[in-house]
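# Have a look at this prediction, sequence included:
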Amino acid sequence: RKQGEDEMKRLWILELKKLLKKRMNIGVITVCLLLVGILFYLPVYQFIVLDTDGKQLTGTAAIAMNRESVNTCAGRLTDEKICADIVAYQALFHDPENVSKDTTKKTLTDRAYFKYILPYSDYWKLINGNYIAPCAYDSSFSAVVNMDLENGIDFYSARDEKISTLLNQVYEDWNFSDSEKAFWLDRISTVTIPYEYGYHTGWEMLFSCLELFVIGMIGICICVSGTFSGEYQSGADSIILSSRYGKSKLLTAKILAAFAYSFFLFTLFLLIGCGILLTGFGTDGWDLPVQVLNTISPYDLSLAGAAVTAVGTLYLILAGMVSFTLLLSAKMRSSVPVLVIIVFAFMLSMFIGISETNGIWNRIFVLLPYRAAQSVFSDDFYGYFGYPVGGLTFDVVTVRMLLYAAVTLICVPFVRKAWKGHQVV
């Protein structure tokens with residue numbers, strides 16, 4: 001038994017070295033690493049804010065100012081705090097010096113806007129967004145400006161009313177069933193209130209960039225696409241399949257090496273991408289709730305917890321796509337059609353959009369590799385995507401993870417079967 005384990009280990013190391021040393025693989029991964037590094041550095045380098053005089057700041061200076069401005073609004077979002085902030089906001093319009101005389105509508109002057117509103121716009125976007133219709137956008141913060149404060153603000157009651165509107169309004173593509181409504185209402189009831197607010201730009205940027213890691217996935221799948229088809233092309237399949245361990249230990253070694261290679265490199269992609277963003281913007285706010293991104297988000301997670309969930313989903317997508325790649329490689333005699341199919345599978349959802357009339361398609365659409373890599377924690381629409389099955393409802397995050405775990409478990413046995421059943425020409 002010990003000898004068999006040693007032989008298995010030796011074969012695994014040999015297969016892993018083949019993947020690591022292959023010139024094409026080195027070139028592909030190098031290009032992908034550079035792309036990921038550049039694309040994740042751009043949000044840091046190009047980050048822009050305007051100071052109180054309307055002067056543009058970029059890069060680290062802009063990040064420092066943004067941190068200072070957001071932390072000015074930091075604290076527990078109680079009705080008392082929010083009401084006091086809205087009172088101060090509305091009071092700006094009572095000072096003639098702050099009100100523009102060039103428009104028929106009552107608006108702030110540029111000086112007042114740059115000084116009192118723009119630095120804190122992320123905070124006001126969150127507060128104002130709690131009082132507007134689902135999936136709506138209000139850049140003028142009119143809900144806050146026109147709010148009647150005599151009866152209080154009822155921030156969390158307004159949140160519940162917005163959720164109720166989202167769940168009960170009529171849609172052309174998909175209407176929520178009673179069981180789905182109950183599921184989401186139960187889910188939102190577990191979210192801790194009042195929310196804590198503070199600086200969290202690093203995490204917000206990370207969630208908005210997650211799909212860029214698909215570049216790494218594509219590169220990795222390209223590298224493992226020749227695991228079996230490469231042996232067919234070179235003619236080595238006849239020698240390998242007739243060898244002592246060709247259909248047993250060597251097959252297992254090839255599969256394990258492909259996964260080890262994939263996970264190692266993807267971890268490197270993650271360290272580079274996340275490292276650049278979180279070093280540039282900071283990790284501040286890791287313990288804040290995801291509701292600082294969207295007050296009606298139904299996920300009871302901290303930003304760090306949501307990031308771990310998102311990264312776990314990325315690993316499962318990678319595992320599923322690597323398994324699918326290995327299956328194609330074991331089935332096809334050339335790596336070219338394998339590459340075409342894999343790249344098409346990744347790119348398909350980049351060029352087609354959501355349907356306004358077909359809810360079933362929409363729920364399939366967000367499970368495709370590129371879309372599945374995107375975060376849903378800050379979105380009114382995608383955040384409430386559910387999958388009712390047999391009286392139960394599963395949220396989109398859970399379904400994504402289950403789907404790609406299932407793809408992995410289904411594909412691997414078929415990889416083994418395809419390789420063992422290959423007919424040498």
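Perfect, I can see it now.

# May I ask which helix or strand of the chain has the lowest mean pLDDT?
Least confident helix or strand, the chain: helix 237-242 with a mean of 50, by mean pLDDT, DSSP states H and E.

# For the helix or strand that that one is followed by, list every residue counted as buried.
Moving toward the C-terminus from helix 237-242, the next helix or strand (DSSP states H and E) is helix 249-281. Judged by neighbour count using 16 or more other CB atoms under 10 Å, the buried positions of helix 249-281 are 249-255, 257-262, 265-266, 269-270, 272-274, 276-278, 280-281. For the C-beta atoms, the positions are set from N, CA and C on the backbone; glycine is no exception.

# do the same with stretch 207-221
Buried positions in stretch 207-221, judged by neighbour count with 16+ other CB under 10 Å: 207, 209-221.

# Now name the helix or strand holding the spatially closest residue to I317 that is not a sequence neighbour.
Excluding the flanking residues, the one nearest I317 by CB to CB, 6 or more residues apart in numbering is Y404, at 5.0 Å. Using DSSP H and E, Y404 sits in helix 396-420.

# Tell me where the model's unsure across this protein.
Applying pLDDT under 70 to the chain flags residues 1-7, 103-104, 230-248, 419-425.

# Relative to V399, how far out is the residue lying closest to L206 once chain neighbours are set aside?
Computed as CB to CB, 6+ apart, the closest residue to L206 that is not its neighbour in sequence is L277, at 5.2 Å. Note on L277: its distance to V399, by CB to CB, to the nearest Å, is 27 Å.

# How about T72?
Relative to V399, T72 is positioned 40 Å away (criterion: CB to CB).

# Kindly report the same for M347.
Remark: distance between M347 and V399 (CB to CB) = 22 Å.

# ok, now F155?
Using CB to CB, we find F155 at a distance of 31 Å from V399.

# between those two, which one's more packed in?
Neighbour count, other CB atoms under 10 Å: between F155 and V399, F155 has more, with 22 against 18.

# Pull the contacting residues for that one.
Residues in contact with F155 (CB atoms under 8 Å, 6 or more residues apart in numbering) are 77, 79, 82, 127, 130, 194.

# Next up, phi/psi of the second one, please.
Main-chain dihedrals, D79, degrees, to the nearest 10: phi -60, psi -40.

# okay, now it: neighbour count?
Using other CB under 10 Å as the criterion, the residues surrounding D79 number 14.

# List the contacts of it.
D79 touches 152-156, counting by CB under 8 Å, 6+ apart.

# List buried residues within those.
Buried members of the contacts of D79, scored by 16+ other CB under 10 Å, are 153, 155-156.

# Helix or strand: which one has P337?
Secondary-structure assignment from DSSP H and E places P337 in helix 335-347.

# Give me the buried positions along that helix.
335, 338-339, 341-342, 345-346.

# just the strands in the chain please.
Ranges of strands within the chain are 48-50, 56-58, 75-76, 196-197, 386-389, 392-395, based on DSSP state E.

# check contacts around P337.
Counting by CB under 8 Å, 6+ apart, P337 touches L328.

# Just the buried residues from the contacts of F155, in ChimeraX please.
Selection of buried members from the contacts of F155 for ChimeraX, criterion 16+ other CB under 10 Å:
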select :77,82,127,130,194
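
# how about JSON lines for the contacts of F155, with distance to G390 added?
Putting the contacts of F155 into JSON lines (distance: CB to CB, whole Å) gives the following:
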{"residue": "L77", "distance to G390": "38"}
{"residue": "D79", "distance to G390": "41"}
{"residue": "I82", "distance to G390": "42"}
{"residue": "I127", "distance to G390": "40"}
{"residue": "N130", "distance to G390": "35"}
{"residue": "P194", "distance to G390": "36"}
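
# ok, P289 touching P194?
No. Assessed by CB atoms under 8 Å, P289 is found out of contact with P194, at 9.9 Å.

# what sits in contact with each of those two?
Joint contacts of P289 and P194 (CB under 8 Å, 6+ apart) do not exist.

# Disregarding residues adjacent in the polypeptide, which is nearest to V70?
Per CB to CB, 6+ apart, closest to V70 is Y199, 4.3 Å.

# in the stretch 1-150 of the chain, which spans are helices?
Along the stretch 1-150 of the chain, counting by DSSP state H, counting those that start in this stretch, helices occupy 2-21, 23-45, 59-72, 79-91, 110-112, 121-129, 142-145.

# Among the ones you listed, which comes closest to Y299?
Taking CB to CB, helix 121-129 is the member of these nearest to Y299, at 16.0 Å.

# What angle do helix 59-72 and that closest one make with each other?
40 degrees (axes from the mean of the first three to the mean of the last three CA atoms, to 10 degrees).

# Looking at the contacts of F155, spot the one nearest V44.
The closest of those to V44 turns out to be I127 (CB to CB; 27.0 Å).

# dump the residue contacts of the closest one.
Counting by CB under 8 Å, 6+ apart, I127 touches 82, 85-86, 144, 155.

# any idea how far I38 is from I215?
Per CB to CB, I215 is found 10 Å from I38.

# same deal with A310?
Plainly put, A310 is 21 Å away from I38 if you go by CB to CB.

# can you check D110 too?
Taking CB to CB, one finds D110 at 35 Å from I38.

# And for I360?
Taken as CB to CB, the span from I360 to I38 is 38 Å.

# F155 too?
Taken as CB to CB, the span from F155 to I38 is 41 Å.

# One more: A307?
22 Å.

# between the two, which one's more packed in?
Taking other CB under 10 Å, A307 and I38 do not tie; A307 has more neighbours (23 against 11).

# shouldn't F381 be in contact with C135?
Yes. The pair F381 / C135 is scored as a contact, 5.6 Å apart, by CB under 8 Å.

# The two - which one has more neighbours?
Neighbours of F381 and C135, each counted by other CB under 10 Å, are more numerous for F381; the result is 14 against 9.
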